[in-house]
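Participant: Prediction below, plus the sequence it came from.
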Amino acid sequence: MNNTTSSIITSTVMAASFGFMINNASDSKNHSTLTEAEHHTVLAKKTLSSSTRFNDSERFSLEQLKINKRKLQAIKNLEENWNGYNGEIIDKSVISKVETLISSLDYQPQIFPTGRGSIQLDAYLNENNLVEIEISPEINFVYQVKNGKEIEKEVSLSEINDFISELYI
Amino acid sequence: MNKLKCKYIFNEQYNPKYINGAHGGITPQGEIVINFYLERNALPNSQTFQVDENKTAPTEIASEPSDLNNSFVRVIENGVIMNYKSAKEIHKWLGSHLERLEELTESK
């Protein structure tokens, strides 16, 4: 590989590391009317980020994901009365649900089996900001404390990422 | 309020390329490698035409290489290597822009 190619690749990797830029909508100030492409850019800039986020060591941690996947493997092997208090076996459907879910999360929670045969996901910042999510075969239930205010509700799997990520934003 | 300014430094030869595909996967170091390519029909090195006196258009009688009609090319000018974390960030970033683009397309 020659130096030119190498430097192009290096600069591309740098761009990938620190964020991608989209066309600057301010260019459209030079025109009296917006073209279709510019219109799209302006609309897109309202809600979307023009670059990737700053590096956050907690976000998308492969190590934390690996730990949680190992925990799930261990949970699979739990037998009846695993906690000495008639703890139920964790249904395979719950394990598979959580396995799929954690791969899609920005931040990895702590994972625990419960005696009711469900799996609990915990994300904790402090007493006033925390999330506990219980995943059962039929229902997903969230208990959130946000700035001291409590919320309890049933949630879909697709909403869970937002509940956890909200803690870190 | 604290402010942070991020400056972008461009290589002199910086010029975004049009691509229509990617080749790559996971490296032995556990990173993601993507080589971007432009896929297009292969072009001949040479073509030979026969010109008949009675016809106005010349007829192609040979071309090099001979397997040209069964070939296509992927031109690679650039590639990237990134770790898991950056790949996830870019995956998410790209996904959110795609969602928005789809919304805009639907609303038209």
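Facilitator: Good, I have the coordinates. Residues are numbered from 1 along each chain as shown, chains lettered A, B, ... in the order given.

Participant: I'd like the secondary structure assignment at the residue nearest to A:Arg53 when sequence neighbours are not counted, please.
Facilitator: Ranked by C-beta to C-beta, 6 or more residues apart in numbering or on different chains and with sequence neighbours excluded, the top spatial neighbour of A:Arg53 is B:Glu89, at 6.2 Å. (Glycine included, C-beta is placed from N, CA and C.) What DSSP: H, G, I helix; E, B strand; the rest coil gives for B:Glu89 is helix.

Participant: what sits against B:Glu89?
Facilitator: A:52-53, A:59-60 (C-beta atoms under 8 Å, 6 or more residues apart in numbering or on different chains).

Participant: Which parts of chain B are strands?
Facilitator: Counting by DSSP state E, chain B has strands at residues B:21-26, B:32-41, B:46-50, B:59-64, B:72-82.

Participant: Just the buried residues from the contacts of B:Glu89, in PyMOL please.
Facilitator: Of the contacts of B:Glu89, the buried ones go into a single PyMOL selection, burial set by 16 or more other C-beta atoms under 10 Å in any protein chain shown:
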select buried, chain A and resi 52+59+60
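
Participant: Same list, the contacts of B:Glu89, but as a markdown table with distance to B:Glu77 please.
Facilitator: Putting the contacts of B:Glu89 into a markdown table (distance: C-beta to C-beta, whole Å) gives the following:
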| residue | distance to B:Glu77 |
| --- | --- |
| A:Thr52 | 23 |
| A:Arg53 | 28 |
| A:Arg59 | 31 |
| A:Phe60 | 29 |
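
Participant: Closest to B:Glu103 out of the contacts of B:Glu89?
Facilitator: A:Thr52 (20.6 Å; C-beta to C-beta).

Participant: host element of that closest one?
Facilitator: Assigned by DSSP states H and E, A:Thr52 falls within no helix or strand.

Participant: Quick check, central residue of chain B?
Facilitator: Centrality entry for chain B: nearest residue to the mean C-alpha point is B:Ile19, 2.3 Å, by C-alpha atoms, centre = their mean.

Participant: For the nearest residue to that one once chain neighbours are set aside, give its distance to B:Glu77.
Facilitator: Closest residue to B:Ile19 apart from its sequence neighbours, by C-beta to C-beta, 6+ apart: B:Phe36 at 4.1 Å. From B:Phe36 across to B:Glu77, the span is 7 Å (C-beta to C-beta, to the nearest Å).

Participant: The two - which one has more neighbours?
Facilitator: B:Phe36 (20 against 13; other C-beta atoms under 10 Å in any protein chain shown).

Participant: Run through the residues that contact that one.
Facilitator: B:17, B:19, B:21-22, B:76-80.

Participant: who does the residue nearest to B:Ile19 bridge with?
Facilitator: B:Ala22, B:Asn78 (DSSP bridges).

Participant: Same question for the one 4 residues further on.
Facilitator: For B:Arg40, the beta-bridge assignment (DSSP bridges) gives partners B:Val73.

Participant: burial measure for it, as a count.
Facilitator: B:Arg40: 11 neighbours (other C-beta under 10 Å).

Participant: Could you check how far it is from B:Glu60?
Facilitator: With C-beta to C-beta as the criterion, B:Arg40 and B:Glu60 are 20 Å apart.

Participant: try A:Phe141
Facilitator: For A:Phe141, the distance to B:Glu60 - C-beta to C-beta - is 71 Å.

Participant: Tell me which of those two has more neighbours.
Facilitator: Shown here are A:Phe141 and B:Glu60; by other C-beta under 10 Å, A:Phe141 has more neighbours (15 against 10).

Participant: Fine by me, we can end here.
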